[in-house]
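Participant: A predicted structure for the sequence below; I have some questions about it.
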Amino acid sequence: MLQAENVLFTIVLIGYFAATILNFAFVILKKEKIAKAALILQTAILVLHTAVLVLRGLGAKRWPMTNQYEFAVSFAWALCLVSLIFIRKYKFPVLGAFATPLILLMIGYASMQSREVRELMPSLRSSWLAFHVSTAIIGYGAFGVAFVLSLIFLFRDRMREDGFWGQHVPQPEKLDMISYRSVSLGMLFLTLTILTGAIWAEQAWGSYWSWDPKETWSLVTWIIYAIYLHLRLRRGWKGKAAAWFAVIGFICVIFTYIGVNTFLPGIHSYA
Amino acid sequence: MKKIGRFLSSMPFAIGLLVLLAAICAVSSTITQGLSYEAYAAQYGERTAGLILALRLDDAFHSWWFIGLSAVLCLNLLCCNLIRLPSLLRRSKAFSDAQRWFASRGGEAEAHGGDPGKLFKALGMPEAKETTTPEGRKALFSARHRAGLWGAWVCHLGILLLILGFALGQMTGQQFTLYALPGQTKPLGDTGLQVTVNDFRAELREDGSAEQFTADLTVTDPAADTTENGTVSVNAPATLYGYKFFQNSYGWGADVRITKDGEPLQTEALCAGDFLPVKDKTELVIYFQAFYPDYIMIEGSGPSTQSMLPRNPAYLYQVYYLKQLLGMNVLEGSEKLTIDEYAVTFENPRNYTLLAVKRDHFTWLVLIGGVITLMGLVLAFYLRPAAVCAVQEEDGRWRVYAQSVKGGILFRENFEKAAKDSGFELTGE
């Protein structure tokens, strides 16, 4: 099971690399056929990526989201899924050109992590694990897409005269709105993550909030996105300022996931 | 007073407060909490250590200024909700009022000439109500998701309840930490209750890693002469006498046997970290510092254990006389420590349980706050209030107006597409 997962993982890694190249080719050559091919490829990889997670779960006999490797694979999966949903829903293939490099980076990070299957410590053996981590994965995926959309927003600002951008990238107002929808999804799931984590911590340790670095940084991330949501309501701050906050928010997401484990160990050190 | 209220509920104030809170949380998370001046001085230098202690950054999240800031946040949320409530009620009432639309006769998007029934359906609007305009013209009106107007308000209320529940729980709740070896009975703080650990099982896997910890407890109330029994394991707390018991951690303990001139003097069950004064010479104290189940001495690093299985037990001890350290060493297996006429041996190593005990009367409020916050977010993000109104013009053609509170350009695009599909011509095209 785990051997098959290893083989599929390599195929997925190569697949995302190919999708990234195709997406770049679309931006450079401006041929819609390439964008369609990239979209089909990305969808096919998502199917294989899902199989990687299923095989990992079957091989490890638990939810595959308990260490850095498994979370990175799941994070990349959520990025791919949410970006595909947004590409299709808003008919916005250029999103893929910006999203696939981010997915490739995340899956590349996963490839550098230990793939050893370890038994879970007692506190992780809870049915809350699946809720808590899967909501985090979806939330992070949505924030990743919002980050990409905000980058496009900020980039488009400089590329206004280019015909390609005018033709394939929505107007700033629409970009801002799509980014807001993505942040909304992320915010809802991050709130669920924090709440399910608190309920779980109360059950495991008798304290639903202990200011552990991971908890604190989840709260910092939540506050940053709350600022984003408030900024959008103020005239003059909507757009560029909000986009910058979506970028800062995602930096916080990455710090919460990787930085906290590296620099600020706490009760979430295993994650 | 009104001015203060308006300032406290203003958006710039809220944003400034959130930025400040995020910055404080971020900075505080990088400083290890609860260390001594010496530990901070060793880590950051004496000047920074002094600053950390002066600013209470060593216990930032319980400091007066952080609690004050949280109180200001609550005040901000409260003022915001109170001030917005009347206008929100008015807006909510007016949103589904067709006459208001006829009075304003306008919306974000406008079209004329098609089939309004088809348009309403294409936009997913509820069935339109027939009405008449003040000028007596036939009109159709439909509004949806009015509850979405309340999203931010409900979310603020949820956060307010959540913080309030947390604060009340901290202020009125009780928390204890209790550790005991199987068979030991210990008092539960100042509650008058006695906790006996009947059994403690550390289920280990073949590789020595822990799978589950389970403790069987009996809690006795000597005053009422009653007892309650329960079993706790990780992720499965038990409630006894209204206190919630959590299997928090574990450690090692052993029986310490002391003989004097070869005659048994005392035997006590000690947990690592406990002190034992010698019965007939209390100024002589044995400190059981640590236990190594699978002992190994690592050069340059000191005593350690290779696994959690008791294959080669060893005990690290210290001896104090009149509070002065006489010496420390490691006793392997059944080795004996001799101090004048006294001989000390450690035996029967076993696990002790570390329990967290808690009574929080406001957990329900935190939970309700959390659920309301989530409901608020769903209302705010996924219920996008929209209203569509169709008025029959003098020539019999229909003119439609639409407005969405949060749909923005995406709603306008939807409306335009649906209008075109329903045979309307967009106004301005």
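Facilitator: Cool, the structure landed. Numbering: from 1, shown residues only, chains lettered A, B, ... in the order given.
Participant: any idea what sits nearest residue B:7, other than its immediate chain neighbours?
Facilitator: residue B:13 (6.1 Å; C-beta to C-beta, 6 or more residues apart in numbering or on different chains). (Glycine included, C-beta is placed from N, CA and C.)
Participant: ok, the one you found to residue A:215 distance?
Facilitator: 26 Å (C-beta to C-beta, to the nearest Å).
Participant: can you check residue B:131 too?
Facilitator: Residue B:131 is 53 Å from residue A:215, by C-beta to C-beta.
Participant: do residue B:47 as well
Facilitator: Note on residue B:47: its distance to residue A:215, by C-beta to C-beta, is 30 Å.
Participant: of these two, who's got more company?
Facilitator: The neighbour comparison of residue B:47 against residue A:215 (other C-beta atoms under 10 Å in any protein chain shown) goes to residue A:215, with 23 against 9.
Participant: other SSEs contacting the helix or strand that contains the more buried one?
Facilitator: Assigned by DSSP states H and E, residue A:215 belongs to helix A:213-231. If contacts are counted by 3 or more C-beta pairs under 8 Å, 6 or more residues apart in numbering or on different chains; DSSP states H and E, helix A:213-231 sits against helix A:172-205, helix A:240-254, helix A:260-263, helix B:11-29.
Participant: do you know which of those lies nearest residue B:345?
Facilitator: helix A:172-205 (35.8 Å; C-beta to C-beta).
Participant: can you tell if that closest one touches chain B?
Facilitator: Yes: applying C-beta under 8 Å from any C-beta of the partner chain, one finds helix A:172-205 in contact with chain B at A:173-174, A:177-178, A:181, A:184-185, A:187-188, A:191-192, A:195, A:198-200, A:202-205.
Participant: Only the buried subset of those, as a PyMOL command please.
Facilitator: Remark: buried members of the residues of helix A:172-205 next to chain B, expressed as a PyMOL selection using 16 or more other C-beta atoms under 10 Å in any protein chain shown:
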select buried, chain A and resi 174+177+178+181+184+185+187+188+191+192+195+198+199+200+202+203+204+205
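Participant: Throw the helices and strands packed on helix A:213-231 into CSV and include mean pLDDT and distance to residue A:224, thanks.
Facilitator: Below are these laid out as CSV (pLDDT from 0 to 100; distance: least, C-beta to C-beta, whole Å):
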stretch, mean pLDDT, distance to residue A:224
helix A:172-205, 93, 10
helix A:240-254, 92, 4
helix A:260-263, 82, 15
helix B:11-29, 92, 6
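Participant: For the chain, give me the ranges with low pLDDT.
Facilitator: You didn't say which chain, so I picked chain A. A:159-162, A:236, A:265-271 (pLDDT under 70).
Participant: The intended chain is chain B.
Facilitator: Ranges of chain B meeting pLDDT under 70: B:104-108, B:428-429.
Participant: Pop the domain breakdown of it in here.
Facilitator: With domains defined by automatic domain parsing, chain B comprises B:2-70, B:96-145+B:384-426, B:174-359.
Participant: Next, format those domains as CSV and append distance to residue A:237.
Facilitator: Compiled in CSV, those are given as follows (distance: least, C-beta to C-beta, whole Å):
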stretch, distance to residue A:237
domain B:2-70, 9
domain B:96-145+B:384-426, 15
domain B:174-359, 43
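Participant: winner for burial among these?
Facilitator: domain B:96-145+B:384-426 (a mean of 18; mean count of other C-beta atoms under 10 Å in any protein chain shown).
Participant: and it, anywhere near chain A?
Facilitator: Yes: Domain B:96-145+B:384-426 reaches chain A (C-beta under 8 Å from any C-beta) through B:408-410, B:413.
Participant: element containing residue B:259?
Facilitator: Using DSSP H and E, residue B:259 sits within strand B:243-260.
Participant: Counting by contacts, list what the following helix or strand past that strand packs against.
Facilitator: Proceeding N to C from strand B:243-260, the next assigned helix or strand is strand B:263-271, under DSSP H and E. Judged by 3+ C-beta pairs under 8 Å, 6+ apart, strand B:263-271 is in contact with strand B:243-260, strand B:275-278.
Participant: What's the first helix or strand after the shortest one?
Facilitator: If you walk from strand B:275-278 toward the C-terminus, the next helix or strand you reach (DSSP H and E) is strand B:281-292.
Participant: Contacts for that next one, please.
Facilitator: B:251-254, B:256, B:258, B:270-278, B:303-305, B:312-322, B:328, B:330, B:339, B:342, B:344, B:346, B:349 (C-beta atoms under 8 Å, 6 or more residues apart in numbering or on different chains).
Participant: Now do it against strand B:243-260, angle only.
Facilitator: 120 degrees (axes from the mean of the first three to the mean of the last three C-alpha atoms, to 10 degrees).
Participant: thinking again about what came up before, just give me how far the helix holding residue A:215 sits from the chain centre.
Facilitator: Chain-centre distance of helix A:213-231: 16 Å, with C-alpha atoms, centre = their mean, to the nearest Å.
Participant: Dump the helices and strands packed on strand B:263-271 into CSV; add distance to chain A as well.
Facilitator: Formatted as CSV, those follow (distance: least, C-beta to the nearest C-beta, whole Å):
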stretch, distance to chain A
strand B:243-260, 4
strand B:275-278, 27
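Participant: Can you lay out these as TSV showing distance to residue A:114?
Facilitator: Formatted as TSV, the helices and strands packed on strand B:263-271 follow (distance: least, C-beta to C-beta, whole Å):
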stretch	distance to residue A:114
strand B:243-260	26
strand B:275-278	42
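Participant: so what's residue A:259 up against?
Facilitator: residue A:217.
Participant: thinking again about what came up before, closest one to residue B:152 among the helices and strands packed on helix A:213-231?
Facilitator: With C-beta to C-beta, the closest approach to residue B:152 among the helices and strands packed on helix A:213-231 belongs to helix B:11-29: 10.9 Å.
Participant: Are the helix or strand following that closest one and chain A in contact anywhere?
Facilitator: The first helix or strand that comes after helix B:11-29 along the chain, using DSSP H and E, is helix B:37-44. No: using C-beta under 8 Å from any C-beta, helix B:37-44 stays clear of chain A, coming no nearer than 13.7 Å.
Participant: and helix B:37-44, what other elements does it pack with?
Facilitator: helix B:46-54.
Participant: now the helix it packs on against helix B:37-44, angle please.
Facilitator: Orientation check (the same axes, to 10 degrees): helix B:46-54 against helix B:37-44 gives 130 degrees.
Participant: Please save the CA atoms from helix B:46-54 in PDB.
Facilitator: Listed next in PDB are the C-alpha coordinates belonging to helix B:46-54 (Å, rounded to 0.1, in the frame of the first residue of the first chain):
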ATOM      1  CA  GLU B  46      20.200  41.200  31.200                       C
ATOM      2  CA  ARG B  47      18.700  44.400  29.800                       C
ATOM      3  CA  THR B  48      16.100  42.500  27.700                       C
ATOM      4  CA  ALA B  49      15.400  40.200  30.500                       C
ATOM      5  CA  GLY B  50      14.600  43.200  32.700                       C
ATOM      6  CA  LEU B  51      12.400  44.600  30.000                       C
ATOM      7  CA  ILE B  52      10.500  41.300  29.600                       C
ATOM      8  CA  LEU B  53       9.800  41.100  33.300                       C
ATOM      9  CA  ALA B  54       8.900  44.800  33.600                       C
END
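Participant: which other residues reach it?
Facilitator: Counting by C-beta under 8 Å, 6+ apart, B:31, B:37, B:40-41, B:43-44, B:57-58 sit against helix B:46-54.
Participant: Could you rerun that using 6 Å?
Facilitator: Outside helix B:46-54, the residues within contact range by C-beta atoms under 6 Å, 6 or more residues apart in numbering or on different chains are B:37, B:40-41, B:58.
Participant: Please settle this for me: is residue B:214 part of a strand?
Facilitator: Yes: counting by DSSP: H, G, I helix; E, B strand; the rest coil, residue B:214 is located in a strand.
Participant: Pull the contacting residues for it.
Facilitator: With contact taken as C-beta under 6 Å, 6+ apart, residue B:214 is in contact with B:201, B:233.
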